[in-house]
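Student: give the three-dimensional model of this entry:
(one chain, ligands or ions: 1)
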Amino acid sequence: MLTDEIWMQRALDLAQLGGGFVVPNPWVGCVVVRDGIMLGEGYHAHYGGPHAEVRAFEGIQDASGSTAYVSLEPCSHTGKTPPCANLLIKHQVQRVVICNLDPNPLVAGQGVAKLQAAGIDVQIGVLSEKGELINRRFFYYHRNQRSYITVKYASSADQFIAHSNGHAQVFSNAISHQLVHRLRAEHQAILVGVNTANADNPSLTTRSWPGNSPLRFVLDPQARMDDNLVLLQDEFPTYIFTYSVTKSVGNKQWIALGSVDYLKTFMTYCQENSIQSILIEGGARTIETFMQEIEVQEIIHIESNEALDSGIAAPHIDESYAKKYSVGSNNSWRIQLGKENLA
Ligand SMILES: NC(=O)c1ccc[n+]([C@@H]2O[C@H](COP(=O)([O-])OP(=O)(O)OC[C@H]3O[C@@H](n4cnc5c(N)ncnc54)[C@H](OP(=O)(O)O)[C@@H]3O)[C@@H](O)[C@H]2O)c1
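Tutor: Have a look, this model is predicted:
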């Protein structure tokens, strides 16, 4: 590995510590180096909090002549925090090495232009593929102006997702359960169909991994969710998408989308409300309609090594591109990224 790559790898490692606390912001890390010595480092740790560059320069008395390694183009606009490009200029950094440009129209090349106008040497694209991967949801949303969709489901070895009577079966083990909660924290919203809501009475919150809970969405065209479900009784907001019912009870909202092009209208709602990413957690009917009608960017399939013999069939998904990992002694974790989602 070259020197620039080593420091950028450190910035990317730091970026990921933001984990489930920064959504819908990107994961960003920054390392400040002079003469091979690290002067400071930092990462964006929570939404609305200081950017990685601010954290990295905290406590540095003199950064003149240094190189700043930043995993994403420094911002040039005043948002919740002042522009980071200005901070780098103020600290008389000599060189800025960037992993990925920021496709957010508020930044998009303007951060680089500002640095270059101040005479700073800027290099772009170091470990860019790794950066694309960790911020894939953020990049996809800003490049396509639509939500990044991840489908996640768990099945038996013989491809059933629940018992025939709709009763849930636990297929995950302790490790895959934690990884699912990590996925929840990393998405802005989570979605299930009404049958899953009624059958499983899920909370859909993030509990077994540090991070924020996603917004909770239910597809319930006929408004037939049971009133006593956790999703309607707990303190967290829930959004229920119907054909024709519009009402709100406390922080639970029913939103009418009409019966024509229901799912496409749902996606338009997400676009209009800046929903960056959605984790679809089932059931089979909901997953299949997303697979058929909407472009899905990522599929996670947890498979137990035990058979169920009969039950509700898992969605039919071509897994020929999937990467497979063993998780504990009795689960496999398959991840399949859409071909277009990194472009
Ligand atoms: N193993 C796992 O990973 C996993 C995950 C989740 C759930 N499950 C299991 O799966 C079972 C439920 O699966 P399911 O396939 O029966 O139901 P589901 O997908 O949870 O819900 C399907 C219902 O949601 C509504 N819906 C979903 N997509 C829609 C669309 N595009 N357009 C219109 N309406 C839409 C429809 O409601 P209407 O019928 O009212 O029109 C549809 O009948 C449960 O037994 C649960 O335990 C397993």
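
Student: all contacts plus neighbour counts: C-alpha atoms, from now on.
Tutor: Fine.

Student: name the residues of the stretch 201-343 of the chain found near the ligand, please.
Tutor: Listed as neighbours of the ligand in the stretch 201-343 of the chain under the rule C-alpha under 6 Å from any ligand atom: 219-222, 263, 281-286, 289.

Student: one more pass at 8 Å, please.
Tutor: 218-224, 259, 262-263, 281-290, 293, 302, 312, 314 (C-alpha under 8 Å from any ligand atom).

Student: can you say which of the residues you listed are buried?
Tutor: When those are checked for burial by 16 or more other C-alpha atoms under 10 Å, the buried set is 218-221, 223, 262-263, 281-288, 290, 302, 312, 314.

Student: stretch 38-52: end-to-end distance?
Tutor: Taking C-alpha to C-alpha, to the nearest Å, the first and last residues of stretch 38-52 lie 15 Å apart.

Student: okay, helices next: where are they in the protein?
Tutor: Secondary structure of the chain by DSSP state H: the helices cover 3-15, 52-57, 84-90, 110-117, 128-134, 136-144, 174-186, 194-200, 230-233, 262-272, 284-293.

Student: what would these look like in TSV with mean pLDDT?
Tutor: Below are the helices of the chain laid out as TSV (pLDDT from 0 to 100):
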stretch	mean pLDDT
helix 3-15	97
helix 52-57	95
helix 84-90	93
helix 110-117	92
helix 128-134	95
helix 136-144	94
helix 174-186	96
helix 194-200	95
helix 230-233	98
helix 262-272	97
helix 284-293	93
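
Student: what are the buried residues along stretch 203-217?
Tutor: Buried residues in stretch 203-217, counting neighbours by 16+ other C-alpha under 10 Å, are found at 203-206, 208-209, 211-217.

Student: same check on stretch 234-246?
Tutor: Neighbour-count burial for stretch 234-246, counted by 16+ other C-alpha under 10 Å, picks out 236-243, 245.

Student: same check, this time on stretch 27-43
Tutor: The neighbour-count criterion (16+ other C-alpha under 10 Å) identifies 27-34, 39-43 as the buried residues of stretch 27-43.

Student: that stretch: end-to-end distance?
Tutor: So stretch 27-43: terminal residues 8 Å apart, C-alpha to C-alpha.

Student: do stretch 161-168 as well
Tutor: End-to-end span of stretch 161-168 (C-alpha to C-alpha): 8 Å.

Student: contact partners of it?
Tutor: Stretch 161-168 has contacts (C-alpha atoms under 8 Å, 6 or more residues apart in numbering) with 153-155, 169, 199-200, 284, 308, 310-314.
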